[in-house]
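1. structure for this input, please:
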Amino acid sequence: MKFLSAGLLALTVPLANAAAFSLFDPSQVSLKTDEPKFPVEGDNPLNYCADPASYRLEIESVDLTPNPPQAGQKLIISAEGTLLDRVEKGAKVNLEVKWGLITLISQTVDLCDELKNVDMACPLEKGKMVLTKEVELPKQIPPGSYSVLADVYNKDLKQVTCLTATNIQFHL
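-> Down below sits the predicted model:
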């Protein structure tokens, strides 16, 4: 599932690349742990930011192996879903990564520019999508609790999806 892969990579890879900072969209949903939970189906730590009924990506399942992810190990992401609209150049991902209470990343990136990192390109056509992707997580991920937010919009500013993962633990 091409589109979902970018969202999921946005939830995992930044833990390894936490040094980049750029302009962050202040209208983005923020990480809140006291909100009602809308879990994403499958073996994963993901929740939707809100009721996903209005999102333009219907996720059927996401499985992470291992779950939880382990520093220094390969992470396998398997996902299925349906993209309800075509995604074209200009789509954005608001990304936030926290290590405990410390914000490591707070930035907005162009989704289509990031897709090259997972051997994909825009436009992403609407319809059923299936993904299996392997990501090497570095050993240098500092131990602690991480929280990640990926809030995705198409070029017309319609919310495609919004995913969070909180209390992801990495140990020595």
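
2. find me the pLDDT at residue 35, would you?
-> pLDDT recorded at residue 35 is 57.

3. just the helices in this structure please.
-> 2-12, 111-115 (DSSP state H).

4. among those helices, which one carries the weakest average confidence?
-> Minimum mean pLDDT among the helices of the chain: helix 2-12, a mean of 44.

5. hey, which strand is longest across this structure?
-> strand 159-170 (DSSP state E).

6. okay, that strand in PDB with CA atoms only?
-> Output of strand 159-170 as PDB, limited to C-alpha atoms (Å, rounded to 0.1, in the frame of the first residue of the first chain):
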ATOM      1  CA  GLN A 159      -7.100  15.200   5.400                       C
ATOM      2  CA  VAL A 160      -6.000  11.800   4.000                       C
ATOM      3  CA  THR A 161      -5.300  10.300   7.400                       C
ATOM      4  CA  CYS A 162      -3.800  11.100  10.800                       C
ATOM      5  CA  LEU A 163      -2.000   8.400  12.800                       C
ATOM      6  CA  THR A 164      -0.300   8.400  16.200                       C
ATOM      7  CA  ALA A 165       1.800   6.000  18.100                       C
ATOM      8  CA  THR A 166       2.400   6.700  21.700                       C
ATOM      9  CA  ASN A 167       4.600   5.100  24.400                       C
ATOM     10  CA  ILE A 168       6.800   3.200  22.000                       C
ATOM     11  CA  GLN A 169       9.600   1.900  24.200                       C
ATOM     12  CA  PHE A 170      13.200   1.400  23.200                       C
END
